[in-house]
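Asks: no sequence for this one, just the structure:
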Ligand SMILES: Nc1ncnc2c1ncn2[C@@H]1O[C@H](COP(=O)(O)OP(=O)(O)OP(=O)(O)O)[C@@H](O)[C@H]1O
Ligand SMILES: [Mg+2]
């Protein structure tokens, strides 16, 4: 068969006419096969991928490297100065002859020697983070290769990186760690001390003629006091004995601390300091004491923020009520009421002090007898002090009466407001006092610990432990410790407030603000968008008007986002917000409540911005619902709305979700309009917190996108801010990705419900 | 569903004065389509005459007129925009019987079927003229509530169209939209309908799984169950078996045989064997006109018109 056919086919192939007709030019042939299109389309994809992956890789590498702990170098320079710190980067630069002219002495010679006879050479310089801002006034310094002494570049073994609450990083070698023990006075000693102090401060009140008798009695008591004191000091020493590797330093009567040794015993001791003075033991002691101190600091912050914050908001409320009365009756109440309350509180404090003295006096009477000149003198002094206090009371009373008269002339609600205000102020006074005492106690406890470090310039600095966020000997820590530090820095980044104008610390408020705003925006935009799309797709009559509306919605998507910001500021903040203020918050005017940028206005603005996305996606999803399903529903006797609600909407839900996801991703990453309607550089008060009413839509908020802008372009310490830009970007990308992935997962689950089985 | 049917006002129907039965019995047509008035003579040129747009006398067998009609169509014309798709349709659908509609593709079978439950209202460009009555109630009267009207009929489409919800919810959908909440009632209806559609045994253990997971044949039977759940007066089936394999087709046919006493069924089919197997009456349509209408046995064995004979024996169409 083949033998028969093949000659024929060969002949056919050779037919020139046929060849001519079927085959075009080789180029046309290649195009016809479509290979160039494969290359074109594939190439376009590859280019896109390269750019996207390039960007992501850059962000990922830079962003994830920020928190890795780097070693510390110490460069001893030819001009005898020393630079110590972390190497941030090494960069190429052009060393020219002009540049060497500004150099001094030996450095210049070294530079010229390196250049030989050339006009310019390529050299590498290091950017070193030298820290210690309060001493050096700079965070970063360039170190040039030719200015380093031969063998001048070292890695000091015990050099430590210290991250602090303020002033940025500190680099130094630990010299000593100090724990101070303050001696508590036993009751007997305390009483004597009080007595002596009382007469010392009230010396001018001692009745004339009694001075000598009093003085004699005081001298005797002074002797007693010294004896008790020495006895107690000896006991105190045995209670805080020295230990291996530790030095003991004592302080007496607030004088210079001096080293203690058994040969030169001190007669009285107020404080004992335990001092570890070699780097290893100092660092070990630091590690033991640091965490408890940090915990106390956190407690102080929380007390200040929550308890004091709550008290302040209560006072603010009472003041607003009074302000309303003031505005209604055109009177002046707040200032006089504050004054009166202040006078009263002063008197009551004085009164309490006197009561305490009275109690002490009766104690002394017990010990010394009624006839003691001291007791007689003290009694007279107290009576005098009482008279002063009574004067204070009458002053308050007249103020108060005046105020009352004024208020009684007004309707009863004025008196009520005044009463409650004074009640609030009184309660607040005592509560504040008790909170402050607690805070003081904690602060005193924290002040007992000090960490002394020696800078490269041989200056010893005492760092209060509470101010240290993290400290580690950067050249000594092993790999696992590095990982631990790395993770702890990430943890801090995610859960803490920012420090040092955002260039350090965490971004928690920004994360929280971004999340709350995105959720709020979605809650606003999705229902609106879906309803609008439903009308457009299901109800509206097709025609010119409908097309015009569609086109304008699509155009809305192309309007620059800053325009939305301007609109949001003008419409939401200045029109709606200002009207709300006038209606409900007039007492606070001229301070705006809603009439300025805030969380809800930002959310609404972004909702407007993303509305087209939702409408278009929803319309698409609605039109993708097969008509046969609608017809099936109508044939069952369903009305239009029943069909939409029971068939169309559930079926279109995955598509609607796609729209919502796109809108969320767009909204979460938008920055420009937010600058106008509420995002700020620093807002320690979160828009959602545990203070009633929990949601504060009028508050300004922090936003990751704005944070990036702020770090990148507004920061004073731009070198320190730069790595944070990458890290924050990485975080934002990860957050949006997580948001998208979870939404896509949800959509996938929904979609499974509609997967049609093919027979 | 007595309350549903009573909800529709029983209007005195606007008819052309003559009863439908007389019309069907071969009276001279009143209205004409758009073509000339001269009736073409029965003969081999009948199809050509229709193609030219001339009026052709429909052939209705005498037996049909003796039946009790559940649905009456009188002088029905329909236009899609400018194009007329149905011409002077006059038929009666016998109660409790199966009536099949056959004819070449595009002759207007679906269009006519969809007119019965006014599905064509959903298409903007459709315009109609003429009368339809369901058990004496006018369908196209202005005052008729379309939703109530559709509740009196069940419809099964050419392609299975289950809703994206569970099997159970699919079946009880017509009751759900009426606001029925009583679980016992719903379950009872669901089981009865599924049994009616010969699907119960296959799905009784997976009632709450998604209906889209069923096979095509099962889906079609599910649609039938849905159509009979609300106990409609008329069942409209538009090529219910076109997407099914022979076994599923057999099941659906069995089902139609079983339920035909209770329901009046109007079915469109391209399958001549199917029409001859399951239907009591058959109507042959061509280019928007009804050509011949009579008992199935007669249409398939000795039709009055040679064109019908040619079509059923497969010589054209
Ligand atoms: N929505 C519509 N708009 C315009 N013309 C239509 C529309 N639906 C149907 N038609 C036309 O009306 C005529 C009848 O259509 P119909 O669907 O009733 O035919 P059919 O008999 O059901 O055909 P088949 O057997 O192929 O289903 C056809 O010519 C068709 O093109
Ligand atoms: Mg059809």
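Replies: Structure's in. What do you need? Please read all numbers here as calculations on a predicted model, not as lab measurements. Ligands and ions are numbered 1, 2, ... in the order given.
Asks: Look up which helix or strand residue A:486 falls in, please.
Replies: According to DSSP states H and E, residue A:486 maps onto helix A:479-495.
Asks: List the buried residues of that helix.
Replies: If you call a residue buried by 16 or more other Cβ atoms under 10 Å in any protein chain shown, then helix A:479-495 has these buried ones: A:482, A:485, A:486, A:489, A:490, A:492, A:493. C-beta: built from backbone N, CA, C; applies to glycine.
Asks: which non-adjacent residue is nearest the second one?
Replies: What sits nearest to residue A:485 in space, not counting adjacent residues and going by Cβ to Cβ, 6 or more residues apart in numbering or on different chains, is residue A:69, at 4.7 Å.
Asks: now do the last one
Replies: Distances taken as Cβ to Cβ, 6+ apart put residue A:506 closest to residue A:493, at 4.9 Å, once the chain neighbours are dropped.
Asks: For the one you found, give me its contacts.
Replies: By Cβ atoms under 8 Å, 6 or more residues apart in numbering or on different chains, the residues touching residue A:506 are A:492, A:493, A:494, A:495, A:496, A:497, A:498.
Asks: all strands of the stretch 251-400 of chain A, in order?
Replies: Taking DSSP state E, counting those that start in this stretch, the strands of the stretch 251-400 of chain A run over residues A:258-259, A:271-276.
Asks: Sheet-wise, list the partners of the shortest one with their directions.
Replies: Taking DSSP bridges as the criterion, strand A:258-259 pairs within the sheet with strand A:247-251 (antiparallel).
Asks: How about the last one?
Replies: In the sheet containing strand A:271-276, the strands it pairs with under DSSP bridges are strand A:169-182 (antiparallel), strand A:247-251 (antiparallel).
Asks: Please identify the most buried of the ones you listed.
Replies: Of the strands paired with strand A:271-276, the one with the most neighbours on average (mean count of other Cβ atoms under 10 Å in any protein chain shown) is strand A:169-182, at a mean of 22.
Asks: could you point out which element follows it?
Replies: Going down the chain from strand A:169-182, the next helix or strand is helix A:187-201, by DSSP H and E.
Asks: Buried residues in that next one, which are they?
Replies: Across helix A:187-201, burial judged by 16+ other Cβ under 10 Å covers A:189, A:191, A:192, A:194, A:195, A:198, A:199.
Asks: Then stretch A:423-437?
Replies: A:424, A:425, A:428, A:429, A:435.
Asks: Now the last one: which helix or strand?
Replies: Which is residue A:435. For residue A:435, the host element (DSSP H and E) is helix A:412-447.
Asks: what helices or strands is that helix leaning on?
Replies: Here helix A:412-447 touches helix A:279-302, helix A:309-329, helix A:334-368, helix A:373-408, going by 3 or more Cβ pairs under 8 Å, 6 or more residues apart in numbering or on different chains; DSSP states H and E.
Asks: do that again at 10 Å, thanks
Replies: In terms of contacts (3 or more Cβ pairs under 10 Å, 6 or more residues apart in numbering or on different chains; DSSP states H and E), helix A:412-447 is packed against strand A:169-182, helix A:279-302, helix A:309-329, helix A:334-368, helix A:373-408, strand A:460-464.
Asks: JSON lines for those, including mean pLDDT?
Replies: JSON lines is the format used below for the helices and strands packed on helix A:412-447 (pLDDT from 0 to 100):
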{"stretch": "strand A:169-182", "mean pLDDT": "91"}
{"stretch": "helix A:279-302", "mean pLDDT": "91"}
{"stretch": "helix A:309-329", "mean pLDDT": "82"}
{"stretch": "helix A:334-368", "mean pLDDT": "82"}
{"stretch": "helix A:373-408", "mean pLDDT": "84"}
{"stretch": "strand A:460-464", "mean pLDDT": "90"}
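Asks: what are the phi and psi angles of residue A:585?
Replies: Backbone torsions of residue A:585, given as degrees, to the nearest 10, read phi -120, psi 30.
Asks: So it sits against residue A:596, correct?
Replies: No: the criterion here is Cβ atoms under 10 Å, and residue A:585 misses it with residue A:596 at 11.6 Å.
Asks: overlap in contacts of these two?
Replies: A:577, A:698 (Cβ atoms under 10 Å, 6 or more residues apart in numbering or on different chains).
Asks: Which parts of the stretch 151-300 of chain B are helices?
Replies: All helices of the stretch 151-300 of chain B, identified by DSSP state H, counting those that start in this stretch, fall at B:167-171, B:173-177, B:183-196, B:200-203, B:216-229, B:246-259, B:272-278, B:296-301.
Asks: roughly how far is the fourth one from the heart of the chain?
Replies: The one in question is helix B:200-203. In terms of Cα atoms, centre = their mean, to the nearest Å, the centre of helix B:200-203 is set 27 Å apart from its chain centre.
Asks: Over to the last one?
Replies: Per Cα atoms, centre = their mean, the displacement of helix B:296-301 from the mean C-alpha position of its chain is 19 Å.
Asks: what does the first one give?
Replies: For helix B:167-171, the distance from its own C-alpha centre to the chain's C-alpha centre is 24 Å (Cα atoms, centre = their mean).
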